[in-house]
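> Predicted model and sequence follow; I will ask about them next.
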Amino acid sequence: MLRVATLNLLHNPDVLEERVTRLADELADEKLDFLLLQEVFHPGRGSGVDALRVLGDKLGMKHAARTVAGGFSDGTAILSRHPLTTLATRLSPATVTPPPPPPTIARTCIDGRSVVVISHHGAWGPHSAVERMEQLRFLNTVAREEFTRDGAHLDQRTRPVIVLGGDFNAEPSALPIRWLRGDDPYEGESTIWVKASSDEPTTGGSNPFAISTAQSMPSGSYRPHRTPRRCIDHIFVYEWCYGRAGEPERTRRFAHTTFTDSLGDLRSISDHDGVLVDLWMPAPDAS
């Protein structure tokens with residue numbers, strides 16, 4: 001079994017250390033293979049809390065990769081129980097780097113099988129649909145090259161598993177998700193990723209940080225709790241994986257409860273819920 005979780009941690013320094021500690025306590029018994037994070041402060045930012053170090057130490061995940069775009073205080077990251085090799089976010093000099101925020105892409109090997117994990121943060125805003133599609137087209141190209149490298153996908157014993165997770169800023173009915181699922185083409189291009197997580201909402205509603213986020217918008221909000229619940233955090237596995245390595249077996253949410261902080265205020269770990277999936281990994285000697 002391969003256990004993967006994703007969470008947009010929220011780039012807000014407010015009670016960050018308490019939020020990260022709470023997250024680590026919640027995930028302590030999960031024995032994650034990979035934790036994909038978005039909106040993680042660069043070391044030295046966010047009141048000086050290094051979330052990757054704190055989480056890595058508490059969860060026994062000694063390996064990490066992160067990507068922060070120039071001019072940004074936060075970015076995407078991957079924590080892992082397995083050694084990681086970070087992959088470049090350019091495929092060739094002719095390939096355009098995807099719109100920010102950039103993904104973190106890393107590769108490892110588990111029982112002789114290549115595993116590629118991608119922490120993705122979709123471009124934010126209702127007018128950024130084109131940017132979100134271009135990000136995913138880039139990541140799909142990365143996945144296709146990794147999956148077909150030297151015909152590796154042809155041998156079931158070593159067939160690569162490629163996992164894409166994060167805050168897509170797109171609901172299940174949106175074109176980016178429909179395109180990934182193989183339901184709709186985009187500019188003559190199609191693909192197929194299997195949705196490993198459910199369509200259960202992951203943000204909005206009465207979440208304390210979601211309310212404060214709504215209140216902080218330029219025009220404000222008279223009724224911030226009216227922000228609709230939406231599913232915009234997802235985990236996908238590349239290619240048709242049913243009956244093969246990477247097949248989704250179980251999914252659930254985490255980090256969706258509230259707690260009282262040291263000042264007595266009601267808090268949440270983030271303005272997003274986390275998503276966790278279990279993926280089937282056959283034994284190395286399986287025929």
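Here it is on my side, so go on.

> next SSE after the helix or strand harbouring A143?
A143 is part of helix 129-148, with elements assigned from DSSP states H and E. Toward the C-terminus, helix 129-148 is succeeded by strand 161-167 as the next helix or strand (DSSP H and E).

> Could you name the helices and strands sitting against that next one?
Contacting strand 161-167 under the criterion 3 or more CB pairs under 8 Å, 6 or more residues apart in numbering; DSSP states H and E are the following elements: strand 2-8, strand 34-41, strand 113-121, helix 129-148, strand 233-238, strand 274-279. In short, each C-beta sits where N, CA and C put it, glycine included.

> and among the ones you listed, the most buried is which?
Comparing the helices and strands packed on strand 161-167 by mean neighbour count (mean count of other CB atoms under 10 Å), strand 34-41 comes out on top with a mean of 28.

> Give the buried residues for the following helix or strand past it.
Once the chain leaves strand 34-41, the next helix or strand it forms, by DSSP H and E, is helix 51-59. Counting neighbours by 16 or more other CB atoms under 10 Å, one finds that the buried residues in helix 51-59 are 51-52, 54-56, 59.

> out of those, which one sits closest to A106?
Set against A106, the nearest of those by CB to CB is L52 (13.1 Å).

> Okay, now the unreliable bits of this structure?
Within the chain, the stretches with pLDDT under 70 are 44-47, 70-71, 89-100, 217-222, 224, 286-287.

> residues touching the most centrally placed residue in the chain, list them.
Relative to the mean C-alpha position of the chain, the nearest C-alpha, by CA atoms, centre = their mean, is the one of G166, at 2.2 Å. Counting by CB atoms under 8 Å, 6 or more residues apart in numbering, G166 makes contact with 6, 8, 36, 38, 76, 103, 118-122, 233-234.

> Please apply the same query to T21.
In this structure, T21 makes contact with 54, 58, judged by CB under 8 Å, 6+ apart.

> how near is it to R252?
Applying CB to CB, to the nearest Å, the value for T21 to R252 is 21 Å.

> cool, and G264?
The separation that G264 has from R252, given CB to CB, amounts to 30 Å.

> between those two, which one's more packed in?
R252 (15 against 6; other CB atoms under 10 Å).

> Much appreciated, bye for now.
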